[in-house]
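Enquirer: make a model of this:
(one chain, ligands or ions: 2)
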Amino acid sequence: MEIKLPEKVIEIIKILKDNKFEAYIVGGAVRDILMGKEVYDWDFTTNATPEQMLKIFSNSYYDNEFGTVGIPSEIEGERPYEITTFRTERKYDDKRHPSEVKWGKTLEEDLKRRDFTINAMAFDILKDKPKVEVRLIDYFDGQKDIEKKLIRAVGEPQERFSEDALRMMRAVRIAAELNFKIEEKTLEAIKNNASLIKKIAYERVRDELLKLLASNHPYEGMLILRESGLMEIILPELEKTFGVDQVSPNRHHIYDVGTHSLLTLKYTALKNNDPITRLASLIHDVGKYQTYKKQENGVITFYNHEVVGAKIANRIADRLRLSKKQKDKLWRLVRYHQFTVDEKQTDSAIRRFIREVGIENVKDAIDIRVGDRLGSGARETSWRLEEFKRRLVEVQKEPFSIRDLKIDGNQIMEILKIKPGPKVGQVLQILFEKVVNKELPNEEEALKEEVANIGKGLS
Ligand code: ATP
Ligand code: MG
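Expert: Ligands and ions are numbered 1, 2, ... in the order given. Below you'll find the model as predicted:
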C-alpha cells in the first residue's frame, strides 16, 4: 500500500536498514495512519540494541527508564522519535534497570507483547521512491478491530491485565480518544482485575485519567470507566453518587446525582477542553452523597454540598497527585460552582465571586454552569446568566483598588508640586471614589485634570 511519511521517518528507517538491521514503524502511528489521522508521535522498533543505535545516530540519547533510544525532532515543539529494541516484555510500571530487560529476537515476539490489537501492527517500508510503499504486518487482526471500532487485548486478556494493570486504564483512555468500545472478553477481564490498578503508581493512573478527560469523548469514556469497575476504585466518591435521588417537588432535576455529573461533563466538554475544568465539572456535585436529606414533605436538600464537595475534591486531587496549581483550581471550581446570578446582587458581591473563584478561572466556572444547566435538562442559558456574564466584564473594567488607578503618587506630587506625605494618599482616595462612583473615567488625562482642579481648591 502507498502512504505518506515525513522525511525524517523515512531517514531513520533507512539508516537502520543500511546498517543491516530490521526496522519498522509500530504502535499508535500505524493505527493512526490506518484511521486516516494525523500522527504526532512516531514509534519504531528494531533488532538493533540501544548501544548499536547510539553508535549509528549521532544526536541520539538513551532513555534509561524504558530502554528506548530517542532522536530529537528538528521541528520545534515536536516530540522526539522513539526507537525501541524488540522486547519480550513490556511492563511500563516496573522499576527494573533496562539491562535486565530481555531483548526479543523477532518482530512477532515484540508485537505479541503489545497491549491491544490496534496497537500491535507494524509497517515495513518496502520502497521510499518515488512513492512510499509499505507492507502492513498485522498478526492479530488489528485492522479488523479498527473497522469494528474495538479495543481488544492481544492474547489472553486476563493474563495481559494481571501482567500490567495500567493497560486497563489505557484501554479506557484509548476508547475515549477513538470513540471505540472495549471488546467483550477484554472488558470482562478488566472487571475481574480492576482492583489491581491499586498496584500502579498513581501518577500513571492520573496521566491516563487526564488524557481520558481531555479526549474527544470524555463522557463515553467515563461510562466505560464506570462499567469496567475502575471508577469505583479510582473515583469511589463519584461512584457513590449514582442512585442518589434528587427529584423533588418544584425542582428541575430529572437525573440522579451520578448521571447528572456525567452529563455535566459531557456538556462542559463541548465548551472547554481543559482536563482540570472537565474534572471539576464531573465532580462538582460529589458533596451531595454526604449532604443528602429528605424532609418530611418529600423535598430533598443537599445543604452545603459545595463545601463538603470541595473537601472531597482536595482528597481526589491528593490521590491523583495533582500539582498544587491543579489542586487549587479544582477546589475553587467545586467550592464556588453554586455562585448566584441574581440580578439584584451588588457589584461588590460579583467582585467577591471573581476573587474567590480566581480571575483566571471565571470562564471555566461559567462553562461548568452551562454544563450543569444542560446536564439537568435546563436550557443552555437564562437572561439572568447572560446579565451576570455582562456584569462580570463590567465590574472588571472598574478599578478594584487605588493601585489600579491610571495615575500614581509620583504624578500627583509633580502636578501639585508637593512632597511625599499624607496629602498624596488623600488625593488618591478622592480620585478612587470618584472613579468607582462613575463621576470620573479611569483615564490618565482626566485624572490629571482632576488633580489640577483639586490643587486649585487646595491653594
Ligand atoms: P499515543 O501516543 O497516541 O498516546 P500510542 O498507542 O502510541 O498512543 P504510547 O504510550 O506512545 O501509545 O505507546 C506506544 C506503543 O507501545 C503502543 O501503541 C503499544 O503498542 C505499546 N505499549 C504502550 N504501553 C504499553 C503497555 N502498558 N503494555 C503493552 N504495550 C504497550
Ligand atoms: Mg505513541
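Enquirer: give the other helices and strands that the lowest-mean-pLDDT helix or strand in the chain contacts.
Expert: The weakest-scoring helix or strand in the chain, judged by mean pLDDT, DSSP states H and E, is strand 61-63 (a mean of 83). On a contact count with 3 or more Cβ pairs under 8 Å, 6 or more residues apart in numbering; DSSP states H and E, strand 61-63 meets helix 50-56, strand 68-71. (Glycine included, C-beta is placed from N, CA and C.)
Enquirer: how far out from the middle of the chain is stretch 186-204?
Expert: Centroid separation between stretch 186-204 and its chain, computed with Cα atoms, centre = their mean, to the nearest Å, is 21 Å.
Enquirer: ok, that stretch near ligand 1 or not?
Expert: No: on the criterion Cβ under 6 Å from any ligand atom, stretch 186-204 is out of touch with ligand 1, staying 9.2 Å away.
Enquirer: which parts of that stretch count as buried, going by neighbours?
Expert: Thr186, Leu187, Ala189, Ile190, Asn193, Ala194, Leu196, Ile197, Ile200, Arg204 (16 or more other Cβ atoms under 10 Å).
Enquirer: mind putting those in JSON lines, distance to Gln345, secondary structure and pLDDT included?
Expert: Formatted as JSON lines, these follow (distance: Cβ to Cβ, whole Å; DSSP: H, G, I helix; E, B strand; the rest coil; pLDDT from 0 to 100):
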{"residue": "Thr186", "distance to Gln345": "52", "secondary structure": "helix", "pLDDT": "98"}
{"residue": "Leu187", "distance to Gln345": "49", "secondary structure": "helix", "pLDDT": "98"}
{"residue": "Ala189", "distance to Gln345": "54", "secondary structure": "helix", "pLDDT": "98"}
{"residue": "Ile190", "distance to Gln345": "48", "secondary structure": "helix", "pLDDT": "98"}
{"residue": "Asn193", "distance to Gln345": "51", "secondary structure": "helix", "pLDDT": "97"}
{"residue": "Ala194", "distance to Gln345": "46", "secondary structure": "helix", "pLDDT": "97"}
{"residue": "Leu196", "distance to Gln345": "50", "secondary structure": "helix", "pLDDT": "96"}
{"residue": "Ile197", "distance to Gln345": "45", "secondary structure": "helix", "pLDDT": "96"}
{"residue": "Ile200", "distance to Gln345": "47", "secondary structure": "coil", "pLDDT": "94"}
{"residue": "Arg204", "distance to Gln345": "45", "secondary structure": "helix", "pLDDT": "96"}
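Enquirer: so which residues of the stretch 201-350 of the chain form strands?
Expert: 293-294, 300-301 (DSSP state E, counting those that start in this stretch).
Enquirer: among those strands, which is the most enclosed?
Expert: A comparison of these by mean neighbour count, using mean count of other Cβ atoms under 10 Å, puts strand 300-301 on top with a mean of 16.
Enquirer: counting contacts, what elements does it pack onto?
Expert: Applying 3+ Cβ pairs under 8 Å, 6+ apart, we find strand 300-301 packed against strand 293-294.
Enquirer: may I have the strands that pair with the strand it packs on, each with its orientation?
Expert: Strand 293-294 pairs in its sheet with strand 300-301 (antiparallel), by DSSP bridges.
Enquirer: give me the residues contacting the strand it pairs with.
Expert: With contact meaning Cβ atoms under 8 Å, 6 or more residues apart in numbering, strand 300-301 is reached by Asp245, Gln246, Val247, Ser248, Thr291, Tyr292, Lys293, Lys294, Gln295.
Enquirer: if any of these are buried, put those into a PyMOL selection.
Expert: Remark: buried members of the contacts of strand 300-301, expressed as a PyMOL selection using 16+ other Cβ under 10 Å:
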select buried, resi 246+291+292
